[in-house]
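Colleague: please work out how this folds:
(2 chains)
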There are 2 protein chains.
Amino acid sequence: MVAPLPISDRYKIETTQLDLPPRVLLGPGPANVHPRVLSALSIPPVGHLDPTFLALMDEVRDLLRYAWQTDNELTIAVSGTGSAAMEATLANVVEPEDIVLVGVKGYFGHRLVEMASRYGADVRKITKPWGEVFSLEEIKTALETHRPKVLAIVHAETSTGACQPLEGLGELCRQYDCLLLVDTVTSLGGVPLYIDEWGIDLAYSCSQKGLGCPPGASPFTMSPRAIDKLKNRAKPPANWYLDMSLLTKYWGEERVYHHTAPINMNYGIREALRLVAEEGLAQRWQRHRTNAELLWAGLAELKLTCHVDKNYRLPTLTTVRIPDGVDGKAVSRQLLNEYNIEIAGGLGELGGKVWRIGLMGYNSRRENVILLLSALEKVLNS
Amino acid sequence: MVAPLPISDRYKIETTQLDLPPRVLLGPGPANVHPRVLSALSIPPVGHLDPTFLALMDEVRDLLRYAWQTDNELTIAVSGTGSAAMEATLANVVEPEDIVLVGVKGYFGHRLVEMASRYGADVRKITKPWGEVFSLEEIKTALETHRPKVLAIVHAETSTGACQPLEGLGELCRQYDCLLLVDTVTSLGGVPLYIDEWGIDLAYSCSQKGLGCPPGASPFTMSPRAIDKLKNRAKPPANWYLDMSLLTKYWGEERVYHHTAPINMNYGIREALRLVAEEGLAQRWQRHRTNAELLWAGLAELKLTCHVDKNYRLPTLTTVRIPDGVDGKAVSRQLLNEYNIEIAGGLGELGGKVWRIGLMGYNSRRENVILLLSALEKVLNS
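Modeller: Sure thing, here's the model as predicted:
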C-alpha cells in the first residue's frame, strides 16, 4: 500500500451518470450546439505540440480571421471563456496611468471599467441609458475631451440588446491617436462585423453565442497598431496566462510552449468555425436577421414591447419589457420547468424590467422562434 | 441582404472533417482520456445558471475535495488550463512588496518566480539542480532567512520527474506565519497527496494528467488562512477573471454571475472525478506506483538510466537520460511517426538530456508500459 496516511471518504459522494434535461437555450448564451460540434468535442485528444494539433491551430486562426473579416496575424482562441479574452485585450495594452475611455451603456461596459481600473488605467466614462447607443458626434467630443490611449466600447451589449454602430469610429480613433477596443461577444457570427474595414484594433468574443460552440475557447484579435503598444510597454502585463507576447510564440511559427491548450475545446471551435464558413457570413447574418424579425413580429402580436429602438436592435439578443403586473422570474421559471426553454432576466439597471431572448448561432432557427412564442403565450395566459 | 460591405473570402479555407491519428499519449500530458469522459464532453450544454448545472458544480467541488483530501470550502475548477489555476493562486494572495519564497528545482519553479514577480512580489529563491528535491532543514533555514508571506513549491516537477516530500512543511509554515502554496499539477490523482493533513494553503492542478480529462478546467483550492489574506488585501488583485472573491460568489451559495463557465469541460471533469472516486484513491495511487515500477524495471533492462533518485522518483512522470550518441529528438519523432506514441524531451536545463515519459490517469496501464518499452527497444536498435 502506497498511501502513507488514512484516506477520508467524506467527499466520496455517490453520483449517477450525467442525465441533463434537453434544454432549448434561448437566453443570452450558451446556446445549443450543432451535433457536429458536439461530436468534435469527444474526439480523443492529441498532444498540444503534436504536428496535427499545430496544423489545427492554424486552421482555427484562419477561420477566425474569416469570421471576423480581418488579416490580423495575432488572431487566436484564448484558452478560457469570453471574459478571459476580454481581460486579455485590456491586460496587454493598458499600462498604469494610461487614460482609457469607456463607453458605458450596459453591464459589460461597466465590466470594461472595472477591468481597466485593475490594470491601473485612469478610466474615463461616457454613459447612456441601458438600451441606447452613442452617436459618432458624442464619441468624438469625448475623445477630444479625454485624449485617451484606448477607446473601449461594446458592439453588441448582451445586457441590453442594443447594437452600437461602429462605422467611422476607426477613423476617429486614428485621428486622436488612440486604439479602438471592441467587445464583439454577442455579435461575432450573428451580426455584420468587419474588424479591418472598421479599424478595430482589439476585439474579443466567446464561442457559445453566434459561433455555436460550448464556452471555453474564446476569439481574440489584435492589430499591428495594438501590438506596437504591447511591444513598447515599460513592464510586461501582470497577467502571465494572457500575455500575448508569450502566447504569440506558441500560436505563431516559433511554437514555444506556453501552456497546454484546451485540446478538445479547440476541436469544438474549429468545427463551429467550419460551419460558419460553410454557411457563409452573408447568409448567416441574414438568417439571424430574418429569425429575429420573426420573433419581433410575434412578440408584437403578444402585445409585448421590445426595449430597444428597432434601428439599434440586435438580431442575436432581444430585450422584451416585462408587462406591468407580471412576475418576470416566475415566467422564466415556468418556461424552464414546463417547456425546457431557457430565457434570462435583466441585469443591473434592467433587472426585473426585461427578459432577454437569444437567437444565436445554431439556435437561430424558425422552429425555435415559434416554439418560444407559443410557450410564452401559454405561460402568460396561464 | 444585411451585409453592408463586401465580404472577403481570403481566409474561408477548405477544411475536412477532423481525422486525427490515434496517439498513445505517454508524454507529460495531456494523457489519453477514458471513453466515459469523452462521452460526457459531447452531452448538449445546459445554461451556466441552470439549476441542474449548479448541482453539477457542487458535485465537482465535492469530488475535487475527495481527490485532494481537503475540507476547503473554496475548492473549484478554474475556467482555464492548469497555468490559469497556477496564476490564480498567486494573483489572489500576493500583494505588491510581499516576500514570496520559491523553491526552484525545475521549469515550473521558474514559472512561479515569473508569475509572482508580475504581481509585484519581492521574490526570493532557493535552488536545487533539476531532478533533486529540498530537505526540510534547507527549507527551514530559508524561511528563517527570508521570513516570506508565501512559500511556493512544486510537489511533482513535470520538467524533472522529482517528487518533493511535503510532510512537515505545513507545520514549518505555520511556525513562520507564512502560507504554503503547492503545485500539484503532476501529482493530483496519481501520487499520495493530503492537502489538509499536510497543511497546504493553496494548491492548483490540471485536468489532463492524473485526472484523465482533456485540458480546460483546472482544480484550485484555498484554505481559510489563505482566504484571510485575500480578504485583507488593500486592493483587489489585478486579475479579474481569476479573482476568488468574485468566483466564490458564483461557485458558492449566492450564485452571482461572474463569467460563463465552460459547461462541457465541467461535464468532462465531473466524469473524470467520478472515475477517481469509483476506483478509490488508495487503489489509484497503487496502480500508478505499480505501473511505474514496471516501466523502471523495463528501462533498466534496456540499459537506460532514470534521471531521478528512486526515493524521489514520480510514478506519474519519469525522466530517462538520453544515452551518449543518441539523437533524442529523432527517437521521439520516430516513436510518434511510426508507432503513434508521444513522449517528450527535456525542458530548460534538461533540454536534450532526457526524455519525459508519463503514465498518468487512464494511461497508467500495463499494456501501455510494454507497448512503449517494445517500441523504444525497436527504435533504439534500428
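Colleague: ranges for the strands of chain A?
Modeller: A:24-25, A:74-78, A:99-104, A:122-127, A:150-154, A:179-183, A:202-204, A:218-222, A:317-321, A:341-342, A:344-345, A:354-358 (DSSP state E).
Colleague: start to end distance for stretch A:336-351?
Modeller: One end of stretch A:336-351 sits 19 Å from the other (Cα to Cα, to the nearest Å).
Colleague: quick one: mean pLDDT for it?
Modeller: Averaged over stretch A:336-351, pLDDT sits at 97.
Colleague: helices of the stretch 201-350 of chain A, residue ranges please.
Modeller: A:224-231, A:244-251, A:263-279, A:281-301, A:328-339 (DSSP state H, counting those that start in this stretch).
Colleague: return the list of helices and strands in contact with the longest one.
Modeller: With contacts defined as 3 or more Cβ pairs under 8 Å, 6 or more residues apart in numbering or on different chains; DSSP states H and E, the packing partners of helix A:281-301 are strand A:317-321, helix A:366-380. Where you see a C-beta, it was placed from the backbone N, CA and C, and this is true even at glycine.
Colleague: ok, now the last one?
Modeller: Using 3+ Cβ pairs under 8 Å, 6+ apart as the contact criterion, the elements in contact with helix A:328-339 are strand A:341-342, strand A:344-345, strand A:354-358, helix A:366-380.
Colleague: tell me the most buried of those?
Modeller: strand A:354-358 (a mean of 26; mean count of other Cβ atoms under 10 Å in any protein chain shown).
Colleague: re earlier: make TSV out of the helices of the stretch 201-350 of chain A and add distance to B:Gly325.
Modeller: Output for the helices of the stretch 201-350 of chain A, formatted as TSV (distance: least, Cβ to Cβ, whole Å):
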stretch	distance to B:Gly325
helix A:224-231	43
helix A:244-251	32
helix A:263-279	35
helix A:281-301	56
helix A:328-339	67
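Colleague: looking at those helices, which is buried most?
Modeller: helix A:263-279 (a mean of 25).
Colleague: still on that earlier bit, can I get the helices and strands packed on helix A:328-339 in CSV with distance to chain B?
Modeller: Shown next, in CSV, are these (distance: least, Cβ to the nearest Cβ, whole Å):
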stretch, distance to chain B
strand A:341-342, 5
strand A:344-345, 8
strand A:354-358, 10
helix A:366-380, 14
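Colleague: quick one: contacts of the lowest-mean-pLDDT helix or strand in chain A?
Modeller: When the helices and strands of chain A are scored by mean pLDDT, DSSP states H and E, helix A:244-251 comes last with a mean of 95. Residues from elsewhere that reach helix A:244-251, judged by Cβ atoms under 8 Å, 6 or more residues apart in numbering or on different chains: A:57, A:61, A:74, A:76, A:78, A:88, A:92, A:220, A:222, A:227, A:230-231, A:236, A:240, A:255-259, A:261.
Colleague: mind giving me the PyMOL command for buried ones among those residues?
Modeller: In PyMOL, a selection of the buried entries from the contacts of helix A:244-251 looks like this (16 or more other Cβ atoms under 10 Å in any protein chain shown):
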select buried, chain A and resi 57+61+74+76+78+88+92+220+222+227+230+236+240+258+259+261
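Colleague: ok, which of the contacts of helix A:244-251 also contact chain B?
Modeller: Restricting the contacts of helix A:244-251 to those adjacent to chain B (criterion: Cβ under 8 Å from any Cβ of the partner chain) gives A:Pro236, A:Trp240, A:Tyr257, A:His258, A:His259, A:Ala261.
Colleague: looking at those, which is nearest chain B?
Modeller: A:His259 (3.7 Å; Cβ to the nearest Cβ).
Colleague: correct me, but that closest one touches B:Thr81?
Modeller: Yes. Between A:His259 and B:Thr81 there is a contact at 5.2 Å, judged by Cβ atoms under 8 Å.
Colleague: hey, what's in contact with both of the two?
Modeller: With Cβ under 8 Å, 6+ apart as the test, A:His259 and B:Thr81 both reach A:Ser79.
Colleague: reformat the strands of chain A as TSV; add distance to A:Met115.
Modeller: What follows is the strands of chain A, written out as TSV (distance: least, Cβ to Cβ, whole Å):
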stretch	distance to A:Met115
strand A:24-25	26
strand A:74-78	14
strand A:99-104	10
strand A:122-127	10
strand A:150-154	9
strand A:179-183	11
strand A:202-204	11
strand A:218-222	14
strand A:317-321	22
strand A:341-342	27
strand A:344-345	22
strand A:354-358	22
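Colleague: and those strands: which comes nearest A:Asn32?
Modeller: strand A:24-25 (5.2 Å; Cβ to Cβ).
Colleague: columns distance to A:Gly161 on top of the helices and strands packed on helix A:328-339, output as a markdown table?
Modeller: Shown next, in a markdown table, are the helices and strands packed on helix A:328-339 (distance: least, Cβ to Cβ, whole Å):
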| stretch | distance to A:Gly161 |
| --- | --- |
| strand A:341-342 | 16 |
| strand A:344-345 | 11 |
| strand A:354-358 | 7 |
| helix A:366-380 | 15 |
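Colleague: count of residues packed around the nearest residue to A:Pro215 once chain neighbours are set aside?
Modeller: With Cβ to Cβ, 6 or more residues apart in numbering or on different chains as the criterion, A:Pro215 has its nearest non-adjacent residue at 4.1 Å, and that residue is A:Gln208. Per other Cβ atoms under 10 Å in any protein chain shown, the neighbour tally for A:Gln208 reads 34.
Colleague: A:Glu167: neighbour count?
Modeller: Other residues close to A:Glu167 by other Cβ under 10 Å number 13.
Colleague: which bits of the stretch 151-300 of chain A sit near chain B?
Modeller: A:167, A:192, A:194, A:197, A:206, A:208, A:214-217, A:236-241, A:257-265, A:267-268, A:270-271, A:274, A:277, A:280-282, A:285-286, A:289.
Colleague: how about the helices and strands packed on helix A:281-301 in CSV, adding mean pLDDT and distance to A:Gly352?
Modeller: Compiled in CSV, the helices and strands packed on helix A:281-301 are given as follows (pLDDT from 0 to 100; distance: least, Cβ to Cβ, whole Å):
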stretch, mean pLDDT, distance to A:Gly352
strand A:317-321, 98, 11
helix A:366-380, 98, 17
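Colleague: which residue is nearest the centroid of chain A?
Modeller: A:Val185 (1.9 Å; Cα atoms, centre = their mean).
Colleague: mind checking how far A:Leu112 is from chain B?
Modeller: Noted for A:Leu112: a distance of 10 Å to chain B, by Cβ to the nearest Cβ, to the nearest Å.
Colleague: please read the previous query as pertaining to A:Asp177.
Modeller: Distance of A:Asp177 to chain B, given as Cβ to the nearest Cβ: 25 Å.
Colleague: cool, and A:Ser382?
Modeller: Relative to chain B, and taking Cβ to the nearest Cβ, A:Ser382 is found at 21 Å.
Colleague: look up the closest residue to that residue, ignoring the ones flanking it.
Modeller: Distance criterion Cβ to Cβ, 6+ apart; nearest residue to A:Ser382, sequence neighbours excluded, is A:Gln334 at 7.5 Å.
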